[in-house]
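Predicted model and sequence follow; I will ask about them next.
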Amino acid sequence: MIPRFEAPLVRALLRDQHPDLADLPLREVDGGWDNHVWRLGDDLAVRLPRTSRGPGLLLAEQTWVPVLAGLLPLPVPAPVRVGRPSELLDRPWTVARWVTGTPADLAPLGVVAAGTLARALRCLHVPAPEGAPRSDSRGVPLARALLPEHVLDEVVDDASRARLDAVWRAALAAPAWDGAPRWLHGDLHPANVVGDEHGDLVGLLDFGDLCAGDPATDLSAAWLLLPDGAAEPFLDAYGATDGATSARARGWAVLRAVGLLQIGRAGRLGLAGGKPTWEPAGRAALRRVLAV
């Protein structure tokens, strides 16, 4: 069971380490995977790691998100206070900037977001410094990843499966990234970005999987985040995307869309850790990436 942190504990943590923030309004946020999130006042959020990998991801955010925030033209949840492990909570935690907007799994982005996302990723995808985090599952060759066959059997029909297999084979066959490792967000799916009432992108969330590597991982957002017909304008606006990078990005989109479906189905079935809104987002992303 993934733990939850109740309001009295959050208040006690703030009063113990950041008493000037302890009396601000506090309300739970529906969302988060590795972190349980509470909104603090109008401008802040408290992030408390609740999975086994959560503390390490949060420490990486505390170290590197202030650096990435300086690169990006969009708001991000940059840490403003650090919480230390204590008798109240035996793990680090963070007070971060609140990023205003509606998560894209609740209100999908529009075509207008293609240019905004392209500009943001052009700014982010610069060579990462020595010591930047590396991941075993993001920014790496797709050959290291496995499509969950049992999920495919449940969510993909025969016609779509043939197309999926072709896209996956093309991604695996594409030449590997041979440039310098670039900064990556690492987890660009609909619940990790927010939009405005016009469908434009206005913020990037949850940098727990930030790492250095192949930008194709992030470029999968062309199909994961954007509506029908927006992938090509996005890739054109991003620029410097050769056929191999596009093929790898499409493969990453297949892998990530299937992951969204898996987590979404778990939510629909009421299983712990599931997110019901991720299933329609995953289906839409898979349909887009498999379109001829």
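Sure thing, it's come through.

which helix in the protein runs the most residues?
Taking DSSP state H as the criterion, the chain has its longest helix at helix 243-268.

list the helices and strands that helix packs on?
Helix 243-268 sits against helix 149-155, helix 158-173, helix 216-219, helix 221-224, helix 278-290, with contacts defined as 3 or more CB pairs under 8 Å, 6 or more residues apart in numbering; DSSP states H and E. The way it works is simple: take the backbone N, C-alpha and C, and place the C-beta from them, glycine included.

Lowest mean pLDDT across these, which one is that?
Among the helices and strands packed on helix 243-268, helix 149-155 carries the lowest mean pLDDT, a mean of 73.

I'd like the helices and strands packed on helix 243-268 as JSON lines, with distance to Phe207 and mean neighbour count appended.
Converted to JSON lines, those look like this (distance: least, CB to CB, whole Å; neighbours: other CB atoms under 10 Å):
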{"stretch": "helix 149-155", "distance to Phe207": "26", "mean neighbour count": "13"}
{"stretch": "helix 158-173", "distance to Phe207": "25", "mean neighbour count": "14"}
{"stretch": "helix 216-219", "distance to Phe207": "12", "mean neighbour count": "28"}
{"stretch": "helix 221-224", "distance to Phe207": "14", "mean neighbour count": "29"}
{"stretch": "helix 278-290", "distance to Phe207": "19", "mean neighbour count": "21"}
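
Including distance to Val95, could the ones you listed go into TSV?
What follows is the helices and strands packed on helix 243-268, written out as TSV (distance: least, CB to CB, whole Å):
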stretch	distance to Val95
helix 149-155	37
helix 158-173	39
helix 216-219	27
helix 221-224	28
helix 278-290	27
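
so which of the ones you listed gets nearest Asn35?
For Asn35, the closest of the helices and strands packed on helix 243-268 is helix 278-290, at 16.6 Å, according to CB to CB.

how would you label the residue nearest the centre of the chain: helix, strand or coil?
Note on the chain: the residue nearest the mean C-alpha position is Asp187, at 2.8 Å, using CA atoms, centre = their mean. Three-state assignment for Asp187 (DSSP: H, G, I helix; E, B strand; the rest coil): coil.

Export the worst-scoring helix or strand of the chain on mean pLDDT to CSV, keeping only CA atoms.
Sorting the helices and strands of the chain by mean pLDDT, DSSP states H and E puts helix 149-155 at the bottom, at a mean of 73. Extracted in CSV, the C-alpha atoms of helix 149-155 (Å, rounded to 0.1, in the frame of the first residue of the first chain):
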residue,chain,number,x,y,z
GLU,A,149,3.0,-8.2,-23.8
HIS,A,150,0.2,-9.0,-21.3
VAL,A,151,-1.0,-5.4,-21.5
LEU,A,152,-0.8,-5.3,-25.3
ASP,A,153,-3.0,-8.4,-25.5
GLU,A,154,-5.6,-6.7,-23.4
VAL,A,155,-5.7,-3.2,-24.9
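
what helices or strands is it leaning on?
Packed against helix 149-155 by the contact rule (3+ CB pairs under 8 Å, 6+ apart) you find helix 243-268, helix 278-290.

Of these, which is nearest Ala113?
Closest among the helices and strands packed on helix 149-155, using CB to CB: helix 278-290, at 13.9 Å.

Next, the angle helix 243-268 makes with that closest one.
Computed with axes from the mean of the first three to the mean of the last three CA atoms, to 10 degrees, the direction of helix 278-290 lies at 160 degrees from that of helix 243-268.

helices or strands next to helix 278-290 in the packing?
Secondary elements touching helix 278-290 (3+ CB pairs under 8 Å, 6+ apart): helix 149-155, helix 158-173, helix 221-224, helix 243-268.
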